[in-house]
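Novice: how would this look folded up:
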Amino acid sequence: MASIQGVLTTAIACGLLSGAAYAQQAAPDLPARVKMTWDERPSIRFGRIARVDIRLTLQLDGRDSEVPFDPDESRASWARKRAGVEGVVAGLFGFQIEHDLGADGQWRDVYVNYQQFDAIQVQAGQFKLPFSREQTTSPARIDFAYRSRVAETLAPGRDRGVMVHGRVVRNRLEYELGLFEHDGNNARRSGADRVYGGRSVAARLTARPFRTVRSAARTLEVGAAGVWSDVSEGLPSLKGETPFDREFYDPDLWVLGAQRRQGVEFRWRPGPFSVKSEYIRLTTERRNQSVEDTDLSPFLADGWYVSGTWILTGERKAAGPENPRRPLPRGPGAIEAAVRFEAIAFSSSAPDKDDGEPSSSPRADVVRGNRLRALTLGVNWFPMRSVRVQFNVIRESLDDPSQGPLPRQSSFWDRVVRVQFHW
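Specialist: The predicted structure follows:
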């Protein structure tokens, strides 16, 4: 699977060319059948053979914080520059290819999805493991400039694999079950000398029990997910960082054994309002890691968030405020207020802290942990289709500020303005 991006890119290109060749044989007037349209985004249509949509995401951030910036760190920067294509070939295969722009850009989603049947589909390539509602939501559609710390840190992110998924029971239930090469790129941000999960199994089940009911309850969704993998002996790559990438916890402790992620999620979008919440728990075994070669209590990381939004201009949240009813210059666009409470903590799952004082030793049973709590207040402005401006103010607090960016200050403010263009 090492070169799966190149293989899939070649396969998709060949499929499109084959479809065009087929259309050329079937209809000499092919030029009339190939056309360019622009509704929400540029789209090329090869008759009934294929559709290719062109995607582009640009995000520019302006940031300020009580935490001093490094001399080489800019307060204004491109948070994201990404381009790609997605579409459907012969009505059977959906695909997406996405890459960061720039010299050091990386491949993002690169996959093919066999989608002939709603009840059972097969997706293969590189994409996000089916875990966490917020992590699997496009950055162009999350309610805040930054994802919650628990979704950004403990959810796996992208990896290479294959997944079976579908919707059943009149689309009330959606299931996803996949096998992946590792446990996602979110767990590999600390360097090659740190360990992370190997081959992973991921599963997720989401229910909309009132989907066919004509009431506000029809948008209610609940879900549960899990990821199972093993880690080799070493120091874990997982660490705690603030939204501005300020480190507040680095687990320099030895681990070995099974790693488990478990998560539950909730979403409800009645009218112009929304309420969302998630809880995620990650445990990593530390087998034979004591100074006597006995097992230590597993390393534990867990957290949650609860958020709410209100579209002040009246658009329905489930339909999305991305297409405001009165865009500029006919009106103010769509305006949305948002608030989020969240927390993430790192510790060991030792049964009782009386067994020993928390320690920073890499082979301690009761490890020295830390907890971050945050309150985010935000305003989202959608002046017209495909354009969004976000204003966020974030108040962060640490249980142990000595491990954070301001060792003598337990709380601090971050501020960000994000201008986003997406189609």
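Novice: tell me the strands in the stretch 51-200 of the chain, going along the chain?
Specialist: Under the criterion DSSP state E, counting those that start in this stretch, strands of the stretch 51-200 of the chain are mapped to 76-89, 93-100, 107-114, 121-128, 158-168, 173-180, 200-207.
Novice: sheet-wise, list the partners of the last one with their directions.
Specialist: Going back to what we said before, that points to strand 200-207. strand 173-180 (antiparallel), strand 221-234 (antiparallel) (DSSP bridges).
Novice: quick one, what contacts the residue nearest to the spatial centre of the chain?
Specialist: Nearest to the mean C-alpha position of the chain, by CA atoms, centre = their mean, lies residue 135 at 2.2 Å. Residues near residue 135 by CB atoms under 8 Å, 6 or more residues apart in numbering: 128, 147, 151, 152, 155, 156, 157, 186. In short, each C-beta sits where N, CA and C put it, glycine included.
Novice: and the strands paired with strand 200-207 as CSV, adding mean pLDDT and mean neighbour count?
Specialist: Below are the strands paired with strand 200-207 laid out as CSV (pLDDT from 0 to 100; neighbours: other CB atoms under 10 Å):
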stretch, mean pLDDT, mean neighbour count
strand 173-180, 98, 19
strand 221-234, 97, 18
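Novice: can you lay out the ones you listed as TSV showing distance to residue 33?
Specialist: Below are the strands paired with strand 200-207 laid out as TSV (distance: least, CB to CB, whole Å):
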stretch	distance to residue 33
strand 173-180	35
strand 221-234	40
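Novice: circling back: possible to save the strands of the stretch 51-200 of the chain as TSV with distance to residue 286?
Specialist: Converted to TSV, the strands of the stretch 51-200 of the chain look like this (distance: least, CB to CB, whole Å):
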stretch	distance to residue 286
strand 76-89	36
strand 93-100	36
strand 107-114	33
strand 121-128	28
strand 158-168	24
strand 173-180	23
strand 200-207	19
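Novice: ok, which of the ones you listed comes nearest residue 35?
Specialist: strand 76-89 (14.0 Å; CB to CB).
Novice: what comes up buried for that closest one?
Specialist: 79, 80, 82, 83, 84, 85, 86, 87, 88, 89 (16 or more other CB atoms under 10 Å).
Novice: and for stretch 195-208?
Specialist: Of all the residues in stretch 195-208, those buried under the rule 16+ other CB under 10 Å are 195, 196, 197, 200, 202, 203, 204, 206, 207, 208.
Novice: quick check, nearest of those residues to residue 293?
Specialist: residue 195 (18.5 Å).
Novice: the residue lying closest to the closest one once chain neighbours are set aside pairs with what?
Specialist: Among residues not flanking residue 195 along the chain, residue 234 sits closest, at 3.6 Å (CB to CB, 6 or more residues apart in numbering). Using DSSP bridges, the bridge partners assigned to residue 234 are residue 255.
Novice: list the contacts for residue 234?
Specialist: Here residue 234 is in contact with 193, 194, 195, 254, 255, 256 (CB under 8 Å, 6+ apart).
Novice: most neighbours, which of those?
Specialist: Using other CB atoms under 10 Å as the neighbour test, the contacts of residue 234 are led by residue 255, with 24 neighbours.
Novice: what's the spacing between residue 156 and residue 278?
Specialist: 14 Å (CB to CB, to the nearest Å).
Novice: likewise for residue 86?
Specialist: Distance from residue 86 to residue 278, by CB to CB: 26 Å.
Novice: same deal with residue 313?
Specialist: Counting by CB to CB, the gap from residue 313 to residue 278 is 27 Å.
Novice: more neighbours: the two, which one.
Specialist: Applying other CB under 10 Å to residue 313 and residue 278 shows that residue 278 carries more neighbours, namely 26 against 17.
Novice: point out where the protein drops to low pLDDT.
Specialist: 1-32, 190-192, 351-356 (pLDDT under 70).
Novice: ok, back up a step: same list, the contacts of residue 234, but as JSON lines with distance to residue 54 please.
Specialist: Below are these laid out as JSON lines (distance: CB to CB, whole Å):
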{"residue": "193", "distance to residue 54": "40"}
{"residue": "194", "distance to residue 54": "37"}
{"residue": "195", "distance to residue 54": "39"}
{"residue": "254", "distance to residue 54": "48"}
{"residue": "255", "distance to residue 54": "43"}
{"residue": "256", "distance to residue 54": "46"}
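Novice: and which of the residues you listed is nearest residue 117?
Specialist: Distance to residue 117 across the contacts of residue 234 (CB to CB) is lowest for residue 195, with 39.3 Å.
Novice: who does that closest one bridge with?
Specialist: Applying DSSP bridges, one finds that residue 195 bridges with residue 236.
Novice: so how many other residues sit close to the closest residue to residue 69 other than its chain neighbours?
Specialist: Nearest in space to residue 69, with sequence neighbours left out and distances taken as CB to CB, 6+ apart, is residue 75 at 6.3 Å. Per other CB under 10 Å, the neighbour tally for residue 75 reads 11.
Novice: tell me the contacts of residue 75?
Specialist: Applying CB under 8 Å, 6+ apart, the residues contacting residue 75 are 62, 63, 64, 69.
Novice: among those, which ones are buried?
Specialist: The buried subset of these (16+ other CB under 10 Å) comprises residue 63.
Novice: and the buried residues of strand 76-89 as CSV, adding distance to residue 212?
Specialist: Below are the buried residues of strand 76-89 laid out as CSV (distance: CB to CB, whole Å):
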residue, distance to residue 212
79, 39
80, 37
82, 36
83, 38
84, 34
85, 35
86, 29
87, 30
88, 27
89, 32
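Novice: tell me the one of the residues you listed nearest residue 413?
Specialist: Using CB to CB, those come closest to residue 413 at residue 79, 19.1 Å.
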